[in-house]
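Asks: Next input, structure requested:
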Amino acid sequence: MLQPKDIASLSIQAPNPIPGEFKLFAAQQGSKPFCIVIVSEKLHVPTPHNPEGFRDGADFLKRIPTGWSPADHFKTLDSRRTTTADGLPFDELAYAVHNEFDSGIAIQIGQYLVVFKCNAESPSDLSTMTKSILATRTNK
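Replies: Numbers count the residues shown, from 1 in each chain. I've put the predicted structure just below:
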């Protein structure tokens, strides 16, 4: 149900660009505002709020809750480290904010994280997106 989408057309620009972050791909669910955005994050690149940069996927994801104010009613739904059948380790964080369901799923490849940022209408849609991402296989 997701179709490729030009990242520039989505309203996802942070007020301050993150050094070391590169937007790779986006897919949107029809005309609904729900999508998956894939970015890469270079490890150990200093930012104004993180002078040492991200160390790994777990470090990247643990910083997500601190970016929300108490008025946003941030709620962690799930947080875990998963290893796929191909042995790929993913760090996952699923959360809810303002009646939207979001997740960050990160895998480290060399000195980069590949991060899947998901936004869904319901917990079941978010679960479907997560299962699709975790079905990732390696090419040998």
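Asks: Report the mean per-residue pLDDT for the longest helix seen in the chain.
Replies: Longest helix in the chain by number of residues (criterion: DSSP state H): helix 123-134. Mean pLDDT, helix 123-134: 90.
Asks: try stretch 92-105
Replies: 92.
Asks: and the end-to-end length of that stretch?
Replies: Using C-alpha to C-alpha, to the nearest Å, one end of stretch 92-105 lies 4 Å from the other.
Asks: Buried residues, it. List them.
Replies: Going by neighbour count (16 or more other C-beta atoms under 10 Å), the buried part of stretch 92-105 is 92, 93, 94, 95, 96, 101, 102, 103, 104, 105. (Glycine included, C-beta is placed from N, CA and C.)
Asks: just stretch 115-129 next, same as before
Replies: Those would be 115, 116, 117, 118, 119, 120, 125, 126, 127, 129, for stretch 115-129 by 16+ other C-beta under 10 Å.
Asks: Same question for stretch 37-46.
Replies: Applying 16+ other C-beta under 10 Å to stretch 37-46 flags 37, 38, 39, 41, 42, 43 as buried.
Asks: Pull the residues that contact stretch 88-95.
Replies: Stretch 88-95 has contacts (C-beta atoms under 8 Å, 6 or more residues apart in numbering) with 56-58, 60-62, 64-65, 74-84, 101-108, 126, 130, 133-134, 136, 138.
Asks: ok, now stretch 33-44?
Replies: 2, 5, 7, 10, 12, 18, 20-29, 52-56, 60, 106, 108, 111-121, 125, 129, 133.
Asks: Determine the number of other residues adjacent to residue 6.
Replies: 8 (other C-beta atoms under 10 Å).
Asks: what's the distance between it and residue 25?
Replies: Distance of residue 6 to residue 25, given as C-beta to C-beta, to the nearest Å: 10 Å.
Asks: ditto for residue 98
Replies: Taking C-beta to C-beta, one finds residue 98 at 25 Å from residue 25.
Asks: Among the contacts of stretch 33-44, name the ones in helices.
Replies: Of the contacts of stretch 33-44, the ones assigned to helices by DSSP H are 60, 125, 129, 133.
Asks: Could you dump these into a markdown table with distance to residue 88 added?
Replies: Formatted as a markdown table, the ones in helices among the contacts of stretch 33-44 follow (distance: C-beta to C-beta, whole Å):
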| residue | distance to residue 88 |
| --- | --- |
| 60 | 16 |
| 125 | 23 |
| 129 | 17 |
| 133 | 10 |
